[in-house]
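A.B. asks: based on what follows, work out the 3D shape:
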Amino acid sequence: MSMRDAVAAFVHDGDTVCLEGFTHLIPTAAGHEIIRQRRRDLTVVRMTADIVVDQMLAGGCVKRLVSSFVGNSSAGSLGELRRRIERADPEPLEFEEYSHHGMVCRYQAGAQRLPFLPLRSYAGSDLPGINPALRKVTSPYPGPDGEPEQIYVVPPVNPDVTFIHAQRADRLGNTQIWGLTGVQAEAVYAAKRAVVVVEEIVDDEVIRADPNRTVVPAHAVDAVVHCPRGAHPSFAQGYYDRDNAFYRSWSHISKDAERLRAWLDEWVYGTRDHTEYAAKLAGHFRDHLAVGEALSGQVDYGRRL
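C.D. replies: Below is the predicted model of the structure:
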């Protein structure tokens, strides 16, 4: 599908939408198309809420955010998010906060269709005091002292749709990722629908030649979108580098609400699709974000004689 068709088909007002990618392969182009189509009242689930979430907030798309980190990826603040949380400007944002591991466990519970998943990392934390979804249950098994112990659990998350970005897939949706893999597979399996956005669509033989890189198999995928450079300003290992200059500039852009809306007018509403967005940055990709080869070598899977 095209990105336009995928968002039109799978994202509806009021939906829970997951956008996953950890530092690497962030599905920015998907977020931009959701803004272009002016979706409203979304619950956005993203382990590391960063620039794309700030942009979707400014686009009026997000009513509720579920996350374990908010920030401009070590380069500063998210101005729109801060205005919404600190001053309810232009309106309040519902924010449900977890730890990183808590979010991973929520995806795992959702993927396995479990009612909850236990974890130890909230003991001694202040998070249970602000998030009533963090609860304790009694283990059905004895602990080290022979007595049943109390342990924290998190609920599953089952988005209406998950978007991930990846390096390549075949036309059936067998999706390969290398470098930082994050929780993309769990986020796909947890969702009712899944859209994979890729730098490159390749022949079946390419996937079959390197099967262990297939992080998401075709049976879990509802749509494949070919969208080169669709993770910018994050990076796609082997395709282009992280745009550190953009990350540094974003804090200044988003600090000023009018400047942020002018940016959206030019770069999102002012472009028909991500192809036009990337074309405006073509020289920047060539001169500043190009990467050299670092081939991973070959392995021999063997075959029957």
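
A.B. asks: the stretch 1-150 of the chain: helices as residue ranges?
C.D. replies: Here the stretch 1-150 of the chain has its helices, by DSSP state H, counting those that start in this stretch, at 3-10, 28-36, 51-58, 79-87, 100-112, 127-130.

A.B. asks: could you export the ones you listed as a markdown table, including distance to Gly173, mean neighbour count and mean pLDDT?
C.D. replies: (C-beta placed from N, C-alpha, C; glycine too.) A markdown table is the format used below for those (distance: least, CB to CB, whole Å; neighbours: other CB atoms under 10 Å; pLDDT from 0 to 100):
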| stretch | distance to Gly173 | mean neighbour count | mean pLDDT |
| --- | --- | --- | --- |
| helix 3-10 | 12 | 19 | 98 |
| helix 28-36 | 15 | 25 | 98 |
| helix 51-58 | 22 | 25 | 97 |
| helix 79-87 | 32 | 18 | 96 |
| helix 100-112 | 17 | 21 | 97 |
| helix 127-130 | 36 | 12 | 94 |
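
A.B. asks: adding distance to Lys136, write these out as JSON lines.
C.D. replies: Formatted as JSON lines, those follow (distance: least, CB to CB, whole Å):
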{"stretch": "helix 3-10", "distance to Lys136": "36"}
{"stretch": "helix 28-36", "distance to Lys136": "35"}
{"stretch": "helix 51-58", "distance to Lys136": "30"}
{"stretch": "helix 79-87", "distance to Lys136": "27"}
{"stretch": "helix 100-112", "distance to Lys136": "14"}
{"stretch": "helix 127-130", "distance to Lys136": "8"}
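
A.B. asks: out of the ones you listed, which comes closest to Val154?
C.D. replies: In terms of CB to CB, the element of the helices of the stretch 1-150 of the chain nearest to Val154 is helix 100-112, at 5.1 Å.

A.B. asks: counting contacts, what elements does the closest one pack onto?
C.D. replies: strand 117-119, strand 148-154, helix 184-190 (3 or more CB pairs under 8 Å, 6 or more residues apart in numbering; DSSP states H and E).

A.B. asks: buried ones in stretch 157-173?
C.D. replies: Under the neighbour-count criterion of 16 or more other CB atoms under 10 Å, stretch 157-173 has 157-170, 173 buried.
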